[in-house]
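Asks: what shape does this take:
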Amino acid sequence: MESGKRAEAGPSSGCSSFGDEQAPFAKKPEEVCEDEDSSIGDNDEDDDHQNGGNIGKFVPSPLVPLKDQIEKDKDDESLRRWKEKLLGCSVDDLNGPVVPEVKFHSIGIISDDFGETTTTLPVDENKNGHALFTLKEGSEYRFKLTFTVLHNIVSGLMYTNTVWKGGLQVDQSKGMLGTFAPWHEPYVCTLDEEITPSGVLARGMYSAKLKFEDDDRRCHMELKYSFEIKKRS
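Replies: Next up is the predicted model:
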């Protein structure tokens with residue numbers, strides 16, 4: 001796939017919250033994504049594990065409970081209330097796990113070919129092996145994700161979308177979504193625009209994997225899917 005115009009990284013770029021006044025199968029958030037099925041593509045090696053593999057020795061700093069961060073200003077009532085308003089919850093609602101969790105609710109495809117289609121996550125097991133969507137060659141499209149952040153701030157949420165055809169990796173795109181705090185309403189993000197290839201060899205079925213990690217390398221979702229590119233009539 002060819003990338004279209006890239007948006008700037010951060011939640012203000014293609015991301016919003018349903019409740020913002022201003023503005024795939026899931027794994028446990030503390031797990032690091034690993035390829036359990038090597039048949040999807042033998043060349044699927046993250047760039048981060050290359051160049052000596054130093055990134056694999058990275059140890060994230062200890063997490064500070066969000067409640068503790070808010071209670072640092074417990075003597076300043078106005079500042080505490082301001083922080084609670086930003087989070088959309090009170091201090092009493094933050095009793096729970098320290099590790100941030102990103103819960104994905106749906107994935108959508110936006111394209112001029114068919115408008116917008118949405119699939120609830122996790123994907124129904126009965127749909128395994130079926131194409132998640134079908135596009136015509138030379139089509140522009142975007143992914144649209146709806147997700148909720150729980151327990152703590154998730155920092156540097158990023159994605160990697162890897163595509164294979166006939167067992168060979170043909171494309172990989174990466175992007176940064178940004179940093180998100182727990183919020184009582186889901187966030188909605190659209191990923192960077194992509195363009196499907198054209199030509200006889202470009203048509204057919206593709207397999208792909210969409211992975212979301214934060215800057216502490218916690219995997220929040222890994223979705224394996226397939227799609228089809230057809231001839232433009």
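
Asks: give me the low-pLDDT residue ranges for this protein?
Replies: 1-13, 17-74, 80, 82-96, 125-129 (pLDDT under 70).

Asks: which stretches of it form helices?
Replies: Listed in chain order, the helices of the chain (DSSP state H) span 66-71, 77-87.

Asks: which residue, other than its chain neighbours, is closest to residue 136?
Replies: Leaving aside its sequence neighbours, residue 136 sits nearest to residue 232 (CB to CB, 6 or more residues apart in numbering; 4.4 Å). Yep, even glycine has a C-beta here, placed from its N, CA and C like the rest.

Asks: the closest residue to residue 97 other than its chain neighbours: neighbour count?
Replies: Leaving out its chain neighbours, the residue that sits closest to residue 97 by CB to CB, 6+ apart is residue 151, at 4.7 Å. For residue 151, the neighbour count with other CB atoms under 10 Å is 20.

Asks: need phi/psi at residue 151.
Replies: Per-residue torsions, residue 151: phi 80, psi -50 (degrees, to the nearest 10).

Asks: tell me where the chain has strands.
Replies: For the chain, the strands defined by DSSP state E cover 2-3, 15-17, 101-111, 115-120, 133-136, 140-150, 154-165, 168-180, 187-190, 194-195, 204-213, 219-230.

Asks: need those strands in CSV with mean neighbour count and distance to residue 78, can you?
Replies: Shown next, in CSV, are the strands of the chain (neighbours: other CB atoms under 10 Å; distance: least, CB to CB, whole Å):
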stretch, mean neighbour count, distance to residue 78
strand 2-3, 13, 45
strand 15-17, 19, 23
strand 101-111, 19, 30
strand 115-120, 12, 41
strand 133-136, 19, 48
strand 140-150, 20, 25
strand 154-165, 20, 26
strand 168-180, 17, 24
strand 187-190, 20, 27
strand 194-195, 18, 45
strand 204-213, 19, 36
strand 219-230, 19, 34
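
Asks: for residue 81, find the nearest of those.
Replies: Distance to residue 81, taken as CB to CB, is lowest for strand 15-17 among these, at 19.3 Å.

Asks: follow-up on the earlier one: can you put the strands of the chain in a markdown table and add distance to residue 76?
Replies: Shown next, in a markdown table, are the strands of the chain (distance: least, CB to CB, whole Å):
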| stretch | distance to residue 76 |
| --- | --- |
| strand 2-3 | 46 |
| strand 15-17 | 26 |
| strand 101-111 | 29 |
| strand 115-120 | 42 |
| strand 133-136 | 50 |
| strand 140-150 | 25 |
| strand 154-165 | 25 |
| strand 168-180 | 24 |
| strand 187-190 | 28 |
| strand 194-195 | 46 |
| strand 204-213 | 35 |
| strand 219-230 | 33 |
